[in-house]
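J.: quick one, structure for this:
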Amino acid sequence: MKLLLKRAKILSLLILAISFLGCEEDDEGNILPAVLAGFTFDLNENTGTVSFINISENADSFEWDFGDGTSSTEIDPIKTFANGTFTVQLTASNSAGASDSTEDEIIISVPEPLTLPVLPITFDGANVDYTAGTFTGAAFEVLENPDLSGTNDTASNVGAITNIGAEFEGIFFNLNTAIDLTDDKTITMNFWAEEAIDVLVKLEEGTGADTEVSASHGGTGWEMLSFDFTSSDSFSRFTMFVDGPGTTAGTFYIDDIEQMGATGGGDTPTEAAPAPPTRDPADVISLFSDAYTDIAVDTFFASFSSGDGVTDEQVAGDAVKLYANLDFAGVETLTETVDLSTMTNFHIDVWTATSFDFISRLVDFGGDGFGSGNDTQADERTTLTAGEWNSIDVTIADLQAAGLTATPTDFSQLILDIVDVVGTVYVDNIYFYNDIAGGGDVPTEAAPTPPSRDAADVISIFSNAYTDIAVDTFYAAFSSGTGVSDVQIAGDDTKLYADLDFAGVETLTENVDLSSMTSFHIDVWTATSFDFISRLVDFGGDGFGSGNDTQADERTTLTAGQWNSIDVTIADLQAAGLTATPTDFSQLILDVVDVIGTVYVDNIYFYNDSAGGGDTPTTAAPTPPSRDAADVISIFSNAYTDITADTFYAAFSSGTGVSDVQVAGDDTKLYADLDFAGVETLTETVDLSSMTNFHIDVWTATSFDFISRLVDFGGDGFGGGNDTQADERTTLTAGQWNSIDVTIADLQAAGLTATPTDFSQLILDVVDVIGTVYVDNIYFYNDGGGGGSTCPAPPTGELLSNGGFEANSGDGACWQLNAGGGSVTIIDTDANTGTYSARLTTGTSQVPNLKQERFAGSIAGNQGVQVTFRYKITSAFVDGSILQVLAFSEFTTNPAVSHDLGNAMDVSTVDVWQTYTGSFTTDAGIEEGISLLIQATCGGAATCAGEVLIDDVVVTEI
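T.: Numbering: from 1, shown residues only. You can find the predicted model right below:
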């Protein structure tokens, strides 16, 4: 948008010229049109991002005040707000001096996402999904504590489990964060019952075998139960049975499910918080720390706080603050105004016995007290590691970017907030500091000296190391700031941009052709940390604003108090929007993001990364491992026997060609000045169905993106309508061999046929540039050796593949066979249809299961899905064993959402094929398809057992 300011300048000159030419008519009563400021906006309620639409009339410059301490001069800015109410003002002006202002109020309330529970489970988190899975008749709900007594006498929510009197009734929670038993092996909970009863807790879906422990309740209402485990694995499912194999009916309550050390201790730190470094008093504002002199704090537990309060404690001789059963607390400095404008960082040390998310929220009252409309705030959210001091350190610049005012001269409130749960924390060393100790607003050392390079390999804008080209200006007319000046830093010429918003460096007189350069460099120093943008603009050979201008940004978070050397490849800038033929570079924009900052700049230049040698590899490509001949299909490699390749440079290729060269005695293919090339295997059909991976080694002297594209012609030659292909895109590291390895499954997911029996073409593609590459070791291999497993496409109208277990002669393709302590096998002695079926055999504390993951990748949210399969009980399910069916809506990063489809009803009738049918609705936000789990689950009873055959699994949309 800042390029438009230059256009606005030209427009203003035209308007001014018109005003002079028309002055006679103006004298006769004509006047310039009045400015009318106006805007509308679109609000993304899920992110807080606002897109402003400027509808002002007769204006050519604009000033936006967003009401949170930030501003913009863009025409149509886009901004992401923190939660709150903001008055946004737009002032529109024109070159004749007329202006107008308008404002509107924007309310931002971004909802927190609903998450699965983590320990501790308190049932009080507003954005936690405490829905429990149930089985064998149990029911579950969350309600208010009906009995404030015993070990749970505080008003809060609790979980209610209702048993109908069946064996092994229970519930389970799928956890957002797994329970790690490596160190802390004890689970405790508040449990309510009116009669003595045993409770069994089982941890499942872990890195090791499922594990379970029982505890006895005395029948006196709320009691604290403790479950001591011996496993050292991690588990993502928490399951519990009230009365286990017994048949006790009734309602029971649970609360405060927590994890702690096996000894029942570990809830108090034994070591003091880390001692802060020695600093000049002028560089620290301390609220609480033995290391520094504290300012006056009005309260460490304001009246609006929620929890059991704060006490002063000693830990290993160090004074600390203890916040017991904390929800949130306010630390206030109302009497003494706190000016943070000279500070660069905020620090706090926090210790907790259990892990949860913790928010440090800084609030500035804007000089006129709380609630006056200009309060600003920003959060730093940290996942605390249990049992150790967590040192939280965040820059003021990052907090400003998150919503704190750019002029934090009235800090008045620190909120300590535990997210979604109530927890106990120890707190120490609450302070602000300037990390350029003893002042440090001017660099004392020169920028790093650039390496020696041939003159032909450098285009220097500004540097003592090289000869500079002619630059029209280092501070174009549209720039915003105090200006630029030439200063000396340790004898080195440097540019100083004071109070900078943005500045334009222009090379309009001398045309700059970057086509022979590979990289851009600039050194930047700042006393405070903020984000900095270097924007390169190419005018396309016909001047600014002609419609073919291109540009690209490199955004860097500057580290305060040191020189930041920014290097970016031209290829990366081209990928970000710069023209593929940058022959008319004309403008460099230096942009300080969201704040006003002072920067020192040196060594602005372009260079060719392959200068002075280094454009040829000196070592051979890595030697591939030894493999059985049956497990490799080699296109080109000294390590294996190659198949016949018709050509390594098909007729449609673009570049200088391919040649055979030797690199350290190893045969290698050299593709010079490559755009793209085709490697074809048309004479010898290549069947990849037994392979699991594709491999290629590539060397380049310069970095760019490189695509390996595999093409299967479908058995009828190119262009028959059933050709399929898939790309693997890699950013090559310059000056070394890049070993590219990708699974056939990933390529199939990207578009390659599920039956790749006619691979015929490999495309080698240099992205957006022309580049020279050395290539070696082009081959396919089977990662497991001795054959492979190909997952077929699902039948027409169905979502799941190989539901009959018939693929590849019954090798279980597509399915995960998880023994879970029991056994899972594919058999050929009994099937509902065809030849094969799956057999699950379970026993005490065993959970053998079948699982097919992340299929139906394009399925929509809120879609009904039906699951059917045939099952035959070959040994009756007894003493608590069940046949469970679960499905999952999958996500890219978030945990899956589980769907309990209900258990198979008749698991006692033997040797009869029966039909199971269940259904569910996919989660609204589903991203990566669905998963299906069929498992034979046994509890802890010594006599628990069962065996079942599964066949003809069908999943369809309904």
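J.: how about the helices in the chain?
T.: Shown for the chain, the helices assigned by DSSP state H span residues 2-21, 23-27, 396-401, 570-575, 744-749.
J.: and residue 26, what's its pLDDT?
T.: As predicted, residue 26 sits at a pLDDT of 40.
J.: for residue 863, which non-adjacent residue is spatially closest?
T.: Using CB to CB, 6 or more residues apart in numbering and skipping the chain neighbours, the partner closest in space to residue 863 is residue 922 (4.7 Å). All C-beta atoms are positioned from the backbone trio N, CA, C, and that covers glycine.
J.: swap in residue 763?
T.: Residue 763 sits nearest to residue 709 (CB to CB, 6+ apart), 3.8 Å away.
J.: cool, and residue 203?
T.: Leaving out its chain neighbours, the residue that sits closest to residue 203 by CB to CB, 6+ apart is residue 235, at 3.8 Å.
J.: poorly predicted segments of the stretch 251-400 of the chain, please.
T.: Residues of the stretch 251-400 of the chain meeting the criterion pLDDT under 70: 261-266.
J.: if we go to 50?
T.: Within the stretch 251-400 of the chain, the stretches with pLDDT under 50 are 262-265.
J.: next: the stretch 751-900 of the chain.
T.: 785-788.
J.: may I have the phi/psi pair for the residue nearest to residue 247 when sequence neighbours are not counted?
T.: Nearest residue to residue 247, sequence neighbours excluded (CB to CB, 6+ apart): residue 165, at 4.8 Å. Backbone dihedrals for residue 165, given as degrees, to the nearest 10, come out at phi 110, psi 20.
J.: isn't residue 165 right up against residue 242?
T.: No. Counting by CB atoms under 8 Å, residue 165 stays clear of residue 242, with 11.1 Å between them.
J.: the nearest residue to residue 394 once chain neighbours are set aside: what's it in contact with?
T.: Spatially, and ignoring its direct neighbours in sequence, residue 394 is nearest to residue 380 (4.4 Å; CB to CB, 6+ apart). Taking CB atoms under 8 Å, 6 or more residues apart in numbering, we find residue 380 in contact with 346, 359, 360, 361, 392, 394, 398, 399.
J.: repeat the analysis, applying 10 Å as the threshold.
T.: Taking CB atoms under 10 Å, 6 or more residues apart in numbering as the contact definition, residue 380 lies against 346, 348, 358-362, 392-395, 398-399, 402.
J.: just the buried residues of these.
T.: 346, 348, 358, 360, 361, 362, 392, 394, 395, 398, 399, 402 (16 or more other CB atoms under 10 Å).
J.: restricted to strands, list those.
T.: Counting by DSSP state E, the members of the buried ones among the contacts of residue 380 that fall within strands are 346, 348, 358, 360, 361, 362, 392, 394, 395.
J.: greatest separation within the residues you listed: which pair is it?
T.: Pairwise distances across these (CB to CB) peak at 18.1 Å, for the pair 358 and 395.
J.: and the residue nearest to residue 747 when sequence neighbours are not counted, what's its pLDDT?
T.: Counting by CB to CB, 6+ apart, residue 747 lies nearest to residue 726, which is 4.0 Å off, once chain neighbours are set aside. Residue 726 carries a pLDDT score of 92 in this model.
J.: ok, residue 726 - how many residues close by?
T.: Other residues within reach of residue 726, judged by other CB atoms under 10 Å, total 21.
J.: all set, thanks.
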